[in-house]
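**Q** Based on what follows, work out the 3D shape:
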Amino acid sequence: MPDLKQWNNVMETAAILGVHDQTIRLWIKKGILAASKPGGGRIYISSEAINAMLNNGKKEDADGR
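**A** The predicted model follows:
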């Protein structure tokens, strides 16, 4: 299991899920992956959202596979 913090940025999330950072941004835009943008700054993804992608097979669904 990857080492998850409570909140991960886009690059960290991409590395954990094994996809490009633009894929993470697309998933967020499409509502596939929940994210937070506190204060209008950087985007953060919760460890719960990442675990949901890992455990529920959403990565394959989002990739269209």
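**Q** In contact with residue 13, which residues?
**A** 24, 33, 45, 50 (Cβ atoms under 8 Å, 6 or more residues apart in numbering). Yep, even glycine has a C-beta here, placed from its N, CA and C like the rest.
**Q** In strands, which of the residues you listed fall?
**A** residue 45 (DSSP state E).
**Q** What about the contacts of residue 13, which one has the most neighbours?
**A** Counting neighbours by other Cβ atoms under 10 Å, residue 24 leads the contacts of residue 13 with 28 neighbours.
**Q** mind checking pLDDT for the closest residue to residue 44 other than its chain neighbours?
**A** The shortest distance from residue 44 to any non-neighbouring residue, by Cβ to Cβ, 6 or more residues apart in numbering, is to residue 7 (4.3 Å). Per-residue confidence (pLDDT) for residue 7: 93.
**Q** For residue 7, name its beta-bridge partners.
**A** Judged by DSSP bridges, the bridge partners of residue 7 are residue 46.
**Q** now it: how far from residue 32?
**A** Counting by Cβ to Cβ, to the nearest Å, the separation of residue 7 from residue 32 is 18 Å.
**Q** which stretches of this protein aren't confidently modelled?
**A** Residues of the chain that meet the criterion pLDDT under 70 lie in 1-4, 57-65.
**Q** Report the contact partners of the residue of it positioned farthest from its centre.
**A** Here the centre of the chain is the reference, and by Cα atoms, centre = their mean the most remote residue is residue 39, at 19.1 Å. Shown in contact with residue 39 (Cβ under 8 Å, 6+ apart): no residues.
**Q** Phi, psi for it please.
**A** Here is the backbone geometry of residue 39 (degrees, to the nearest 10): phi 70, psi 10.
**Q** Neighbours of residue 48, how many?
**A** Residue 48: 10 neighbours (other Cβ under 10 Å).
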